[in-house]
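# with the sequence up front, the predicted model follows.
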Amino acid sequence: MTKTLNIAMIGGGFMGKAHAMAYASMPMFFWPAPAIPHRKVVVDVTDELAEAARQRFGFDEASSDWREVIARDDIDVIDICTPNNVHAEIAIAAAKAGKHIICEKPLARGGEEAKAMLDAVEKAGVIHMVAFNYRRTPAVALAKKYIDEGRIGEILNFRGTYLQDWSADPDGPLSWRFQKKIAGSGTIGDIGTHVVDLAHYLVGPISAVSALTPTYIKSRPLQSGGVDKLGASEKNSGAPRGEVDVDDEVVSMLKFECGAIGSLEATRNGYGRNNFITLEIHGTKGSILFNYERRDELQVMFADDPADARGFRTVYTGPAHPYGEGLWPIPALGIGYSETKIIECYDFFNAIASGEQPSPSFADGYLTELVADALITSGETEQWVKVQSLTA
Ligand code: NAI
Ligand code: SOE
């Protein structure tokens, strides 16, 4: 009989929806499942919001008090889907209560907070994961497989972009994503960290950065609390405005510990771009290209192909590729955002079942926060900044 584990999910916004869908779907895709996630309690800031989330996302119970929920003996897993300012407080309390933890990205508002979270989960001996789900796109996992097998040789260069346009309108509201005290940083923490995580996954640790981090839109109409509707829907040009104290864009050169070089670009102000995550990786024996907006496809070029057949080929991910056994039976039926979250859920529950930490764990999330800190400092000083070593 497959074991059931009770989930308490804190935060019922965009990510609450994605995680609830993953809990319901994971055993339907991956069977036998490592465990059955049971949607036990959902928590939000008011009883009304929590109750709406309970009904919508299929939880047994609703609560507006995460501390009380964490203290319960019948909860196995705490899932943190709140804005970034409460990740640390919730995770540290959950670790002390002996719960396994999955926390949305970015792990924290910087390296210091992330280190306290890492220390807490390591002391408690619980399983911990940070939800950098784009690693779980099968085409990205296939790129990792090719790289690990040496199919494109030694990595020379990594180019990663994450371009969106939902914040390009100056009258989009001052949601929590534009407030340093809540988000920690702007584009750097919100989407730049996804690229850093992908770079760490595919190439290895980043050792130094040289970044530019402009803020284009210095004030926005005030929004009093609430979920972040990501721009357009709450536009209100006549409302009183508040200061934006985070970066809108980051463009950085990168050095990796392995000797590779690279670049990272992330913006939420790039008109016409939506969820444009691209990776281009050059090795001594070939190259890999990925574009999340065409996420069923991986473009690969192997330098030892016959001269008359050289060039990029398109591999459509399917049953022969990572996670293919659980997903859809033929390639190109369509991998979506939900599938990345279902796979993430599968890997997290496998980790709980096996007792082995998953990747990315809080240790990986901490490393990513150290790079984010370095990007912020570099942007402020316009200097190269070394990433703080984990052993320092
Ligand atoms: P959101 O604004 O849509 O929803 C946040 C929810 O948390 C709201 O319902 C809010 O009322 C609730 N909340 C706030 N403080 C709380 C507290 N103290 N206790 C209980 N509930 C609280 O935000 P969204 O987009 O869901 O983001 C949440 C987290 O997920 C963030 O850390 C964000 O960076 C991350 N995220 C990750 C994505 C990914 O692709 N992995 C995509 C979107 C967000
Ligand atoms: C907004 O930029 C956002 O929702 C990010 O917070 C997520 O991490 C990203 O995956 C989608 O866009």
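That came in fine, so what should we check first? Numbering: from 1, shown residues only. Ligands and ions are numbered 1, 2, ... in the order given.

# only C-alpha atoms for contact and neighbour calcs from this point on.
Will do.

# count of neighbours near the closest residue to ligand 1 within the stretch 101-250 of the chain?
Nearest residue of the stretch 101-250 of the chain to ligand 1, counting by C-alpha to the nearest ligand atom: Val227, 3.2 Å away. Neighbour count of Val227, defined by other C-alpha atoms under 10 Å: 15.

# leaving out the residues flanking it, which one is nearest to it?
Distances taken as C-alpha to C-alpha, 6 or more residues apart in numbering place Gly13 nearest to Val227, at 6.3 Å, with adjacent residues excluded.

# wait, doesn't that neighbour sit right on Leu230?
No. The pair Gly13 and Leu230 fails to qualify as a contact (C-alpha atoms under 8 Å) at a distance of 11.6 Å.

# just the strands in the stretch 1-150 of the chain please.
In the stretch 1-150 of the chain, the strands defined using DSSP state E, counting those that start in this stretch lie at 4-10, 36-43, 61-63, 77-80, 100-103, 128-130.

# domain ranges for this protein?
Listed domain ranges for the chain are 4-133, 135-381 (source: the TED database).

# quick one: is the shortest one near ligand 1?
Yes. Looking at domain 4-133 against ligand 1 by C-alpha under 6 Å from any ligand atom, the contacts come from 10-16, 43-45, 81-84, 86, 104-106, 131-133.

# that domain spans what distance, first to last residue?
23 Å (C-alpha to C-alpha, to the nearest Å).

# burial count for the closest residue to Trp176 other than its chain neighbours?
Excluding the flanking residues, the one nearest Trp176 by C-alpha to C-alpha, 6+ apart is Ile182, at 5.9 Å. Using other C-alpha under 10 Å, the number of residues around Ile182 comes to 16.

# repeat for Gly311
Number of residues near Gly311 (other C-alpha under 10 Å) recorded here: 16.

# can you check Ala309 too?
A count of neighbours around Ala309, defined by other C-alpha under 10 Å, yields 9.

# could you do Cys81 as well?
26.

# show me where pLDDT drops low in this protein?
Filtered on pLDDT under 70, the chain yields the residue ranges 224-225, 232-236, 391-392.

# longest helix of it?
Across the chain, the longest stretch assigned as helix under DSSP state H is helix 362-381.

# now the element after that helix, going C-ward?
strand 384-386 (DSSP states H and E).

# just checking: what are the partner strands of that next one?
When pairing is defined by DSSP bridges, strand 384-386 lines up against strand 206-212 (antiparallel).

# give me the contacts around the strand it pairs with.
Identification of contacts with strand 206-212 by C-alpha atoms under 8 Å, 6 or more residues apart in numbering yields 199-200, 249-257, 371, 374-376, 378-380, 382-388.

# just the buried ones out of the residues you listed, please.
Neighbour-count burial (16 or more other C-alpha atoms under 10 Å) applied to those gives 199-200, 249-256, 371, 374-376, 378-379, 384-387.

# quick one: the helices in the chain?
With helices called from DSSP H, the chain shows them at 14-29, 47-57, 66-70, 87-96, 111-124, 138-148, 180-183, 187, 193-202, 337-354, 362-381.

# so which of those helices is the most surrounded?
helix 187 (a mean of 26; mean count of other C-alpha atoms under 10 Å).

# for ligand 1, see how far away the residue lying farthest from the centre of the chain is.
Distance from the C-alpha centroid of the chain, by C-alpha atoms, centre = their mean, peaks at Asp308 (40.3 Å). In this view, Asp308 and ligand 1 are 41 Å apart by C-alpha to the nearest ligand atom, to the nearest Å.

# which bits of the stretch 201-350 of the chain sit near ligand 1?
226-228.

# turn those into TSV, including distance to Ala351.
As requested, these are exported to TSV (distance: C-alpha to C-alpha, whole Å):
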residue	distance to Ala351
Gly226	33
Val227	31
Asp228	31
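
# those in strands, which ones?
Among those, none falls in strands (DSSP state E).

# returning to what we had before: out of the residues of domain 4-133 next to ligand 1, which end up buried?
Neighbour counting with 16+ other C-alpha under 10 Å marks 10-13, 15-16, 43-45, 81-84, 104-106, 131-133 as buried within the residues of domain 4-133 next to ligand 1.

# check contacts around the residue lying closest to Met26 once chain neighbours are set aside.
If the residues on either side of it in the chain are set aside, Met26 comes closest to Ile342, at 5.3 Å by C-alpha to C-alpha, 6+ apart. Applying C-alpha under 8 Å, 6+ apart to Ile342 gives the contacts 21-23, 25-26.
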